[in-house]
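Engineer: Okay, here's the prediction I keep looking at, along with the sequence it came from:
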Amino acid sequence: MNKKINIILLIATVALADSSELNDFSALLEDATQEITASKLNIDYTPSVVSVLKHEQLSLLGVKTLFEALSLLPGVETSINQVGIKKVIIRGFDNPNNYTFDKAKLLIDGVGIDMGMFSNSSFYLNLPIDIISRIEVLRGPGSALYGTGALNGVINVITTQAARTSDSLFFAGGSNEYLMGGAKKHYDLDDETQMYADIYYQKHNRRIDVDESYIPKEHLMDPSTGELRDYTGDAKTQEALDDYSFALAFKHKNLSFKTRLKNESSGNYYGWDERLEEQKGNRTKQQYIFAEIGYEDYINSDTKIDTKVGYSHLKLHMNAQDFYPAAYRVWIPYDFSIDESEQRFTLESEVQYSAYDNQNIVSGVYFQSLQEMQNSIDDNISPYGKRAIFTQGVKRNIFSAYFRDNIDISDTLDTLLALRFDYYTKEKKLYPSAQFGLVYTPRQMWSFKLNYGHAFRAPSWIEQYSVEYGEDDGTRPGNNSLSAETSDTFEAVAIFKNSDKHHIQANVYYSILSDVIDIDDSQEPGGYKNYSQRSSYGGEIAYTFVPYLQNQFYINASYNETEYETPDKGIKQSMAGVAKFMLKAYYIHYITPSISTSVLLKHIGERPRNQDFDHREENDPLKAYTTLDLTLNLVSSYHWNFHLSAKNIFDASVKYPSYYNRHNGGNIREGRNYLLQGEYKF
Amino acid sequence: MLQIHAKIAPRIILMNKNIKWDRSRKIYITILYEEGDESSADLLKSYIRKNYPNGLKNRYIQISSILYDDFKNSPKNSLVFLFDSSEFKIDKVLAYCIKNHIITMSYSSTYLKDGVILSLHVGRNLKPYLNIKAAKQSEIIFKNTLLSVSKIFYEEK
């Protein structure tokens, strides 16, 4: 009897030990799965078209900022408008004559960067890559996953706060008196408590020579005295930049906190109406601070809850000068200023349920309150005095609910279903978003994806609530009956991987754009309206070859055709000012394990002219351009990294679209320039 | 991915039912690389040491990283980790490991078809990618713990 009991006890002990080892090993694999999902190593198995740019590869290519990094991607064109607002145009979605209203959503460590007034996050695009661990870019509809603004893309920046990278001091210097310095540090207070801080400051004094068509050649008349004088400025753009940011993060067990302050001052580039200002220095200031507290915990072994509360505050101040044609060969210079501040509260709670082996279900609720705190425009020429640009006290409350289910139908077939509903209380409008995707992996070398998404962008406050005071008041009246613009996109993707050396991805897409919001110049006083349906289609291909685990060759090409309707004459044409064809390539070659060189090539094809201006004497398309950057890298395994870059080494003529085509052929940009970057890791 | 390989590789060794321990009871891992992959091999070594500073289950982990050309026969090996190399050199290493019942694991899963026993499969979930036929040739029998969570490699006809 004792022998039987001993045998039973032995079997039970062994079974328990095996079960314990299995649970232990399964937990290790689950953690590893979360790591690869978080770092997007398994993006080939998600239905969306996602590209990932990593800090290591960007620094070897001599890339300095987020804006520059995004220009490497297929289907993505970067541009700057006449007052220096940076634009990221994904798959041809743009508004050529409008101030930038983002068609893609920007997130910094998962926190959405929103601006009610302009729906614009361009002030974050000069974030230096020194504090960026990786950039995940989703091309296509993203509202089902990220809400409003993700009409045609999502840019998720993971800073070094979220990724455990080495601590360092970093610095850079280069052309145009560019200087930059900063530091980042992780602290382990104990086993369960970590802190992080980073800080940087960067500045430059870039001024680009332009021709005299940018300055009033005639006399200027002082409006108060009537006296005539000459223009006192010079034929150079005003692009001076002062930018700093400070971030802090804290994590203790299930509780987390993160905050970032970013403050940027810059010149007004070519001027409000592409007439260079007489005053020099930083004239536009933007300050943005966000903070978020999060708590995540497991309710049971299969259910995880994640709750976040966030706050952000934006402050904008702009001083500008423009010139008013008073009489024949006489201009009146006038100054105006814009001030705006807004704040946002958010609350989000999400539940992740993974009890079923082949499913991962996520559902959540989200609340946002975006409030205007003050806004005004003032000038010394109109009779209207200091006044609001858009209706004061505007508040945008959004209640959202979402649901996502990733299902492994079989060993070779995965599917994603995502639904989201956003209700705007002021406008009393409900905007649904959806995504449905299939991933078929018949063999390890091949993956095929089909994806459908419906996304939206709600109108900005400028588009909806701008106030009209009278003639020449400097603003365009808002249209408070505007609907959100929406997109329905169908995508097909094929991926081929041969070992870890070759990776080819090709995708085609077709989008139906509805209720596109654009300016309406067809009648006075002009305004904004929803336009009829348009289409956008194209294809992208990208090839990566890794002969060794470090040497890398990469090339991508894209073609896009997006319909555009000109706001004045209603002419239907291809999207003006946006390239149809682009090609980007780079090669990183290791001479020794520490020394490498890189070559980066970008070809941006011809950009169609805006046919609204065909009545002018000259109205040419923007010429194609090709730039080549060379970088020499010294990356030691101990402390020091250095990267020396010569950019646009052949001094190619790069031109961006001119506002209302005021300057035929576009606005000239920087030619050859140099950059030295260094880092001391500790 | 190197960090994930570093976490999993030592655990695989302990799932070999037929492992024979020497008196030192150490786990021996040899990392083979070609010129150009030296820093990757060093990284893998450092990640293993970081993940298992005190060894695994009271067994110290001894790791060496060497060039393929310098690989000397050493039956002490518990696991040989392979970075990319030529077919000839891979086959040579595999022939030795089969004869001496040593687990082989590769960074790239392409080498499973050449006879490597284990790699990692990155799908929506991460799983060990197991070549059972190659394991049998090496007379290695893995515990059910590993078999139950692995994706099984089937050679394409």
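Structural biologist: Structure's in. What do you need?

Engineer: going forward, measure contacts and count neighbours with C-alpha atoms only.
Structural biologist: Will do.

Engineer: Nearest the middle, which residue of chain B would you pick?
Structural biologist: B:Met105 (2.9 Å; CA atoms, centre = their mean).

Engineer: what's around the nearest residue to A:Lys304 once chain neighbours are set aside, how many residues?
Structural biologist: By the measure of CA to CA, 6 or more residues apart in numbering or on different chains, the closest residue to A:Lys304 outside its immediate chain neighbours is A:Tyr298, 4.2 Å from it. Counted with other CA atoms under 10 Å in any protein chain shown, residues neighbouring A:Tyr298 total 14.

Engineer: How about stretch A:118-129, which residues are buried there?
Structural biologist: Buried residues in stretch A:118-129, counted by 16 or more other CA atoms under 10 Å in any protein chain shown: A:118-129.

Engineer: Save those residues as CSV, and put in distance to A:Asp273 too.
Structural biologist: Shown next, in CSV, are the buried residues of stretch A:118-129 (distance: CA to CA, whole Å):
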residue, distance to A:Asp273
A:Phe118, 18
A:Ser119, 21
A:Asn120, 20
A:Ser121, 22
A:Ser122, 19
A:Phe123, 20
A:Tyr124, 24
A:Leu125, 23
A:Asn126, 23
A:Leu127, 27
A:Pro128, 29
A:Ile129, 32
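
Engineer: Closest to A:Tyr402 out of those residues?
Structural biologist: A:Ser119 (22.3 Å; CA to CA).

Engineer: and that closest one, which of the three is it?
Structural biologist: When classified by DSSP: H, G, I helix; E, B strand; the rest coil, A:Ser119 comes out as coil.

Engineer: how about the residues of chain B near chain A?
Structural biologist: Selection of chain B residues close to chain A by CA under 8 Å from any CA of the partner chain yields B:1, B:4, B:8, B:36-40, B:84, B:108-110, B:122-127, B:145-146, B:149.

Engineer: So how do I select the buried members of those in ChimeraX?
Structural biologist: A single ChimeraX command selects the buried members of the residues of chain B next to chain A (16+ other CA under 10 Å):
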select /B:4,8,36,37,38,39,40,84,108,109,110,122,123,124,126,127,145,146,149
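
Engineer: Enumerate the beta-bridge partners assigned to A:Phe581.
Structural biologist: A:Tyr559 (DSSP bridges).

Engineer: May I ask you to confirm that it is in contact with A:Ala624?
Structural biologist: No - judged on CA atoms under 8 Å, A:Phe581 makes no contact with A:Ala624 at a distance of 9.4 Å.

Engineer: what touches both of the two?
Structural biologist: Any residue near both A:Phe581 and A:Ala624 by CA atoms under 8 Å, 6 or more residues apart in numbering or on different chains counts here, and that gives A:604-606.

Engineer: Show me the residues you listed that map onto strands.
Structural biologist: A:Ile604 (DSSP state E).

Engineer: and the gap between A:Asn648 and B:Asp37?
Structural biologist: Distance of A:Asn648 to B:Asp37, computed by CA to CA, to the nearest Å: 31 Å.

Engineer: now swap in A:Leu513 and tell me
Structural biologist: Distance of A:Leu513 to B:Asp37, computed by CA to CA: 48 Å.

Engineer: Tell me where the chain is predicted with low confidence.
Structural biologist: Defaulting to chain A. A:1-20, A:23, A:34-45, A:99-100, A:164, A:499, A:548-549 (pLDDT under 70).

Engineer: wait, I meant chain B there
Structural biologist: Looking at chain B by pLDDT under 70, you get B:20-24, B:73-75, B:155-157.

Engineer: All the strands of it, residue numbers only.
Structural biologist: Going by DSSP E, chain B shows strands at B:27-33, B:61-67, B:79-82, B:103-106, B:118-122, B:126-130, B:151-152.

Engineer: Backbone dihedrals for the closest residue to A:Ser213 other than its chain neighbours, please?
Structural biologist: Leaving aside its chain neighbours, A:Ser213 sits nearest to A:His663 (7.7 Å; criterion: CA to CA, 6+ apart). The phi/psi pair for A:His663 (degrees, to the nearest 10) reads phi -120, psi 110.

Engineer: Counting neighbours, what do you get for A:His663?
Structural biologist: A:His663: 18 neighbours (other CA under 10 Å).

Engineer: which secondary structure elements does the helix or strand encompassing A:Ala320 contact?
Structural biologist: A:Ala320 belongs to strand A:303-327 when assigned by DSSP states H and E. Here strand A:303-327 touches strand A:284-300, strand A:330-353, going by 3 or more CA pairs under 8 Å, 6 or more residues apart in numbering or on different chains; DSSP states H and E.

Engineer: the inter-axis angle of the shortest one versus strand A:330-353?
Structural biologist: Spelled out, that is strand A:284-300. Strand A:284-300 runs at 10 degrees relative to strand A:330-353, counting by axes from the mean of the first three to the mean of the last three CA atoms, to 10 degrees.

Engineer: What residues of strand A:284-300 count as buried?
Structural biologist: A:284-296.

Engineer: Contacts for that strand, please.
Structural biologist: The contact list for strand A:284-300 (CA under 8 Å, 6+ apart) reads A:111, A:123, A:254-268, A:304-319.

Engineer: List buried residues within the residues you listed.
Structural biologist: Counted by 16+ other CA under 10 Å, those give A:111, A:123, A:255-268, A:304-319 as buried.

Engineer: what residues are up against A:Thr441?
Structural biologist: A:412-413, A:447-448.

Engineer: Can you give me the neighbour number for A:Ala636?
Structural biologist: For residue A:636 the amino acid is Ser, not Ala. The local packing of A:Ser636 (other CA under 10 Å) involves 14 other residues.

Engineer: would you list every one of the helices in chain A?
Structural biologist: A:2-38, A:55-60, A:66-70, A:143-146, A:461-465 (DSSP state H).

Engineer: Neighbours of residue 90, how many?
Structural biologist: In the absence of a named chain, this looks at chain A. Residues lying near A:Ile90 (other CA under 10 Å) number 25.

Engineer: wait, I meant chain B there
Structural biologist: 19.

Engineer: Quick check: it vs A:Gly526, distance?
Structural biologist: When distance is defined by CA to CA, B:Ile90 is 72 Å away from A:Gly526.

Engineer: repeat for A:Lys87
Structural biologist: Going from A:Lys87 to A:Gly526 by CA to CA gives 24 Å.

Engineer: The two: who's more crowded?
Structural biologist: A:Lys87 (22 against 16).

Engineer: Who does the more buried one form a beta bridge with?
Structural biologist: According to DSSP bridges, the partner residues bridging A:Lys87 are A:Ser79.

Engineer: Tell me who's in contact with it.
Structural biologist: A:78-81, A:100, A:102, A:122.

Engineer: Now rank the residues you listed by neighbours and give me the top one.
Structural biologist: Neighbour count (other CA under 10 Å) singles out A:Asp102 as the most crowded of the contacts of A:Lys87, with 27 neighbours.

Engineer: contacting residues around that one?
Structural biologist: Each residue near A:Asp102 by CA under 8 Å, 6+ apart is listed here: A:87-88, A:119-121, A:149.

Engineer: let's see 6 Å
Structural biologist: A:119-120 (CA atoms under 6 Å, 6 or more residues apart in numbering or on different chains).

Engineer: For it, give its distance to A:Ile113.
Structural biologist: Noted for A:Asp102: a distance of 11 Å to A:Ile113, by CA to CA.
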